[in-house]
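Chemist: need a structure here:
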Amino acid sequence: MIRLEKIEKRYAGSAALAGVTADVKTGEVCGLVGPNGAGKSTLLKVLATLIRPDSGTAVVAGASVRSEPEAVRSRVGYLPESFGVYDGMPVAEYLEFFAHAYGVPRAKRKAVIGDLLALTDLAPKRDADVASLSRGMRQRLGLARALVHDPPVLLLDEPTSGLDPRARLEFGALVRELRSLKKTILVSSHLLEDLAEFCTTVIVLERGRLVASGPLGGIGRTDGRRPVEVEVLDRAADAETMLASEPTVRALEREDGRIRFEVEGGPDEVARLHRKLAVAVPLLWFRERGDRLLDAFLRHTKGEVS
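Modeler: A predicted model of the protein is given here:
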C-alpha cells in the first residue's frame, strides 16, 4: 500500500531523508519512530504530497507522489501534529466544509458526517463550536476530517501528543477500530507505549536514515523472549502459580492483580498461554508489553539528529 525507494530530501545541504526504502502493507498499522529530528514528519509530508522529494520513488495506494499528487491526495487522509479550526463553526459544519472540498457528493454528505461523528464519538458535539472542544476531542475531529473522503491510507503525525492518559487510550482504541476497517495507517509518535498498543509493524529512523523496520516483535530483543503483562480481576495468586509451572515463562513477577513475565517462543506460545489463563481465571486484559518497542528504539538509535 505504501512503498518507499531511496527517498531523499535535503534542506540547506542537510539530509532530512537520506535514501529511505521501506514498505507498509495493506491493513498494517505501522509506527514511525526515531529521535527528534530523525525525519519522521518530513517523511509523512512527502507521502501527503505537501513537500516534493529531491529523489527516489514513493507510491501510495498505487499512485506516485511525484507524478500523480492529486491521485495520492484522494487516497490519503493526513492528520498533522498541529491543525487549525475555524472559530464559530459547528462540528458538523466543519466536516461538511471538508466533505465539499474533497468532492463528496451533496446527497451523501449527511450520512458520511453522521457515520464519522459516531465513529469518533463526537455525535453529542455535532452542534458545538469547534473552538470549544478539548484537545482530545479536537484530535478526534481532525481524524474525522482526514476520513471524510474514505481514504484507504491514513498518515498520522504525533496524534496523541499533548493528550491526557484517558484521551490517549481512547485514540488508540479508535486506531484499532480503523485497522479493523482495513485502513492502512502510518503513525509517528515519541510516545512508544502508545504505539505498542496498536501497531503491527515499525519503521525506525535516525538522522534521516532507515535503521530498522519490521514486525513489532521482530526488531527489538534478540533473546527470543516476548514480554507480556496481565491483569486479573481476582485469583491473582492462582494465575501466578499456573504461569510459574509453564516451562516457557521467565522473569515472573506479580504486584497485586498485575503480573509481568516473559515468554520464550513466538506468538503461538503467547496465544496458548492467553487461552489457558482465560479459561482458569477472570482476565481484565492480556497484552504484550511495549518493552519490545522501547528496546528496539534504544538498540537501533543513538539519539542523533541530522
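
Chemist: Just the terminal-to-terminal distance for stretch 63-73.
Modeler: The straight-line separation of the ends of stretch 63-73 (C-alpha to C-alpha, to the nearest Å) is 9 Å.

Chemist: buried sites along stretch 25-34?
Modeler: By 16 or more other C-beta atoms under 10 Å, the buried positions in stretch 25-34 come out as 28, 29, 30, 31, 32, 33, 34. Glycine gets a C-beta too; all of them are placed from N, C-alpha and C.

Chemist: what sits up against it?
Modeler: Contact partners of stretch 25-34, identified using C-beta atoms under 8 Å, 6 or more residues apart in numbering, comprise 1-2, 24, 40, 43-44, 152, 175-176, 179, 182-190, 192, 195-196, 198-206, 211, 216, 293, 296-297, 301.

Chemist: Drop anything exposed from those residues.
Modeler: For these, a neighbour count by 16+ other C-beta under 10 Å gives the buried set as 1-2, 24, 40, 43-44, 152, 175, 179, 183-190, 192, 195-196, 198-206, 211, 216, 293, 296-297, 301.

Chemist: Centre-most residue in the chain?
Modeler: residue 187 (4.1 Å; C-alpha atoms, centre = their mean).

Chemist: Tell me the bridge partners for that residue.
Modeler: Beta bridges link residue 187 to residue 31, residue 156 when assigned by DSSP bridges.

Chemist: Tell me the spacing between it and residue 87.
Modeler: Distance of residue 187 to residue 87, given as C-beta to C-beta, to the nearest Å: 28 Å.

Chemist: Residue 77 too?
Modeler: 24 Å.

Chemist: And these two? Which one has more around it.
Modeler: residue 77 (25 against 9; other C-beta atoms under 10 Å).

Chemist: ok now do the spatially closest residue to the more buried one that is not a sequence neighbour, which residues does it touch?
Modeler: Counting by C-beta to C-beta, 6 or more residues apart in numbering, residue 146 is the residue found nearest to residue 77 once chain neighbours are left out, at 3.3 Å. Residues counted as contacts of residue 146 (C-beta under 8 Å, 6+ apart) are 77, 78, 79, 154, 156.

Chemist: Right, I'll leave it there.
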